[in-house]
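**Q** Sequence and predicted model, in that order:
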2 protein chains.
Amino acid sequence: MTEQTRRAAHAVLIASGGMDSAVAAYVLRDRGTAVTMLSFDYGQRHRVELAYAAKIAELLDVPHEIVDLAGVGGLLGGSALTDHTVPVPDGHYSDETMRSTVVPNRNMIMLSVAAGVAVSRNADCVAYGAHAGDHAVYPDCRPEFYRQVDLAIRAGNDGFLAAGFRLEAPFLEVTKADIVRRGQALGVPFSLTWSCYKGGIVHCGTCGTCVERREAFALAGLDDPTEYAAAAGPEAVA
Amino acid sequence: MTEQTRRAAHAVLIASGGMDSAVAAYVLRDRGTAVTMLSFDYGQRHRVELAYAAKIAELLDVPHEIVDLAGVGGLLGGSALTDHTVPVPDGHYSDETMRSTVVPNRNMIMLSVAAGVAVSRNADCVAYGAHAGDHAVYPDCRPEFYRQVDLAIRAGNDGFLAAGFRLEAPFLEVTKADIVRRGQALGVPFSLTWSCYKGGIVHCGTCGTCVERREAFALAGLDDPTEYAAAAGPEAVA
């Protein structure tokens, strides 16, 4: 697991309401790092995930800010996640159809805002939950992007960053099954995390992130507490 | 002047309403590049500059989008430009007091959004008006930042950028006096650009950007059409 040994004093964590950022919050707290959670409303199809992020923040008793980027989301058309005329694809996460779930430059936008907040609050860390399973579909979850955006943040805030500032992506090289195991060990309440790209009352069970979520619990050999609308298909464990 | 010879087909230009981005818009049009102007409302003290950007867009007959980032601005406290409790300093632009006009990570946030819009609209260029005179105070106007943010955009949008995509900062290595000369040659209506950091009816004439604006016209040997509230002080031409 990619983890730096010297802990950060205060991390601004991008918190989507999903499993990865929830486990990241618990990992940071476990290290003794103060956490400020930052969620983004970019006009995504449903905002249930923002409520889940708020629940995790409440449980951890840490500050939680929701950043209104709805005006930005409206300009980033063509993604199934922001444009209601584009259907959310079903299937495995690595399928080519998942390209339609890319929101252009989303992580760079969120990381840039988080870096500004970190400077403003003298936090020495920005963290986000990108993991190895995201690499195929999402260029802004790959290690190369992580390295470049770290350098851009350092150059753009030279002289203003807190001492020892670092960008952290603790799961950059691990799988979602590893994240599930780690979260289980830290007592993360997975039932208070949301993955589904669709807007139902329970997880649909068939969209890319639902398939990935089921697969992660299965591969980790752990019970999945999630209620799904559809039974697992043959693609759930590929 | 740093200008690439192969012209871009379509540039998303960050347009503040100031002189630099107005001249950049005219430079791009002069090359035959289609321009989409993107302005940002990040809760700055006054929004008169957004109206000036709109006038330039109207004159050039190009699309103009105003991105609502007011919720972000509220999180980036401590700058004289976003926090009304911090006074706008008077004096020369390179003075240490101008640090209070830094909005943390502002250019990276705006460039990240502009890159997302470029991907969404298949534009092959993002452009902004940073110039050499900004380097001392603003790290996010320096060549090192330009290089790193260009690489971050490329990595984060790998496979999604229009062919030949480039980040352009046509004035990165030139002075504001050069920008004034270039704008004069291209017929830029400087009276429809706004620099002042304060919120008056006319330019104050004493804040950092007013001093810089006066100096640029004086050094360029051109008449300054700007109406200032205060006569030029001894610092106007340093």
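**A** Okay, I see it. This one's a predicted model, so the numbers in the text were calculated from it and none came from an experiment. Residues are numbered from 1 along each chain as shown, chains lettered A, B, ... in the order given.
**Q** The longest strand along chain A: what's the following helix or strand?
**A** Secondary structure of chain A per DSSP state E: the longest strand is strand A:34-41. From strand A:34-41 onward toward the C-terminus, using DSSP states H and E, the following helix or strand is helix A:48-60.
**Q** Dump that next one to PDB, restricted to CA.
**A** Provided in PDB are the C-alpha atoms of helix A:48-60 (Å, rounded to 0.1, in the frame of the first residue of the first chain):
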ATOM      1  CA  VAL A  48     -27.600  11.300  -2.500                       C
ATOM      2  CA  GLU A  49     -23.800  10.800  -2.400                       C
ATOM      3  CA  LEU A  50     -23.400  14.200  -0.800                       C
ATOM      4  CA  ALA A  51     -25.600  13.200   2.000                       C
ATOM      5  CA  TYR A  52     -23.600  10.100   2.600                       C
ATOM      6  CA  ALA A  53     -20.400  12.200   2.700                       C
ATOM      7  CA  ALA A  54     -22.000  14.300   5.300                       C
ATOM      8  CA  LYS A  55     -22.900  11.300   7.400                       C
ATOM      9  CA  ILE A  56     -19.300  10.100   7.400                       C
ATOM     10  CA  ALA A  57     -18.100  13.600   8.400                       C
ATOM     11  CA  GLU A  58     -20.600  13.600  11.200                       C
ATOM     12  CA  LEU A  59     -19.500  10.100  12.500                       C
ATOM     13  CA  LEU A  60     -15.800  11.300  12.400                       C
END
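**Q** Now look at that helix and say if it contacts chain B.
**A** No. Helix A:48-60 does not reach chain B (CB under 8 Å from any CB of the partner chain); its nearest approach is 13.2 Å. For the C-beta atoms, the positions are set from N, CA and C on the backbone; glycine is no exception.
**Q** The helix or strand following that helix and chain B, are they touching?
**A** Next along the chain after helix A:48-60, taking DSSP H and E as the criterion, comes strand A:64-68. Yes. Applying CB under 8 Å from any CB, one finds strand A:64-68 in contact with chain B at A:E65, A:V67, A:D68.
**Q** Hmm, A:G71 is touching B:L69, no?
**A** Yes. With contact defined as CB atoms under 8 Å, A:G71 reaches B:L69; the gap is 7.3 Å.
**Q** ok, back up a step: can you tell me which helices and strands the longest strand of chain A packs against?
**A** The helices and strands touching strand A:34-41, judged by 3 or more CB pairs under 8 Å, 6 or more residues apart in numbering or on different chains; DSSP states H and E, are strand A:10-14, helix A:19-31, helix A:48-60, strand A:64-68, helix A:106-121.
**Q** Rebuild those as a markdown table, extending it with mean pLDDT.
**A** Converted to a markdown table, those look like this (pLDDT from 0 to 100):
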| stretch | mean pLDDT |
| --- | --- |
| strand A:10-14 | 98 |
| helix A:19-31 | 97 |
| helix A:48-60 | 94 |
| strand A:64-68 | 94 |
| helix A:106-121 | 96 |
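**Q** Is it possible to get CSV of these that adds mean neighbour count?
**A** Listed next are those as CSV, based on neighbours: other CB atoms under 10 Å in any protein chain shown:
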stretch, mean neighbour count
strand A:10-14, 26
helix A:19-31, 24
helix A:48-60, 19
strand A:64-68, 19
helix A:106-121, 26
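**Q** Ok, which of those comes nearest A:A169?
**A** helix A:19-31 (8.6 Å; CB to CB).
**Q** Now tell me what touches the closest one from outside.
**A** Residues outside helix A:19-31 that contact it (CB atoms under 8 Å, 6 or more residues apart in numbering or on different chains) are A:3, A:7-8, A:11, A:13-15, A:35, A:37, A:52-53, A:56-57, A:60, A:62, A:127-131, A:170-171, A:176, A:179-180, A:182-183, A:186-188, A:190, A:192-193, A:195, A:213, A:216.
**Q** Stretch A:171-180 too?
**A** If you take CB under 8 Å, 6+ apart as the criterion, stretch A:171-180 is touched by A:1-2, A:19-20, A:23-24, A:129-133, A:143, A:146, A:190, A:212-213, A:215-217, A:219-220, A:222.
**Q** Derive a ChimeraX selection command for the buried subset of those residues.
**A** A single ChimeraX command selects the buried members of the contacts of stretch A:171-180 (16 or more other CB atoms under 10 Å in any protein chain shown):
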select /A:19,20,23,24,129,130,131,132,133,146,190,212,213,215,216,217,219,220
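**Q** Out of the residues of strand A:64-68 next to chain B, the closest to B:A115 would be?
**A** Closest to B:A115, out of all of the residues of strand A:64-68 next to chain B and judged by CB to CB, is A:V67, at 18.0 Å.
**Q** Now do the same contact list for that closest one.
**A** Shown here is A:V67, whose contacts under the criterion CB under 8 Å, 6+ apart are A:L38, A:S39, A:F40, A:D41, A:V113, B:G71, B:V72, B:L75.
**Q** name the helices or strands packed onto the lowest-mean-pLDDT helix or strand in chain A?
**A** Ranked by mean pLDDT, DSSP states H and E, the weakest helix or strand in chain A is helix A:70-73, scoring a mean of 86. Counting contacts by 3+ CB pairs under 8 Å, 6+ apart, helix A:70-73 packs against strand B:64-68.
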